[in-house]
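J.: Fold the following.
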Amino acid sequence: MIASLVVGGLLLAGMIAATWYAAVRLPGDARVPLHAGTPDYSIWLSKRAGLSAWLAAGAVVFAALAWLTVSHVAANWAASMRVTLLPAVMCVALAAEVAAIILAQRAVPVPVPAENA
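T.: Numbering: from 1, shown residues only. Below is the predicted model:
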């Protein structure tokens, strides 16, 4: 179970690193999507709000699943479920955040160089 917490913590650190990368690399007017199922239903937020929402969601999921992993609520669960649940969900959260950052980078219009007349 300790390994599960460590791996989940490393994935949360990866989310922090991805947020930092996006905060530095994305322009100030960039929009970051929050996935609400399919891409057609994404909610596009400002850079600061979107990155904060992804990081907060990752922290809340980590805290809830870490508590569940070590609590007596999951005492009757299979040991493999208690060990793999936290890293698996955090891996999905990290992948979703990185996908949102990639979409935000692609949505930024690229300036067209002026042609010399």
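
J.: list the buried ones in the helix or strand where A93 lies?
T.: Using DSSP states H and E, the element containing A93 is helix 79-107. By neighbour count on 16 or more other CB atoms under 10 Å, the buried set for helix 79-107 is 82-83, 85-90, 93-94, 96-98, 100-101, 103-104. Every residue, glycine included, has its C-beta placed from N, CA and C.

J.: how far does stretch 35-51 sit from the chain's center?
T.: 12 Å (CA atoms, centre = their mean, to the nearest Å).

J.: Next, the angle from the host helix or strand of V32 to helix 79-107.
T.: According to DSSP H and E, V32 maps onto strand 31-36. On the basis of axes from the mean of the first three to the mean of the last three CA atoms, to 10 degrees, strand 31-36 is oriented at 140 degrees to helix 79-107.

J.: Mind listing what's buried along strand 31-36?
T.: 31-34.

J.: For the helix or strand following it, which strands pair with it and how are they oriented?
T.: Counting by DSSP H and E, the next helix or strand C-terminal to strand 31-36 is strand 38-46. Looking at strand 38-46 with DSSP bridges, its partner strands are strand 31-36 (antiparallel).

J.: could you give me the average pLDDT of the partner strand?
T.: Averaged across strand 31-36, pLDDT comes to 84.

J.: Return the residues in contact with A107.
T.: 30-31, 44 (CB atoms under 8 Å, 6 or more residues apart in numbering).
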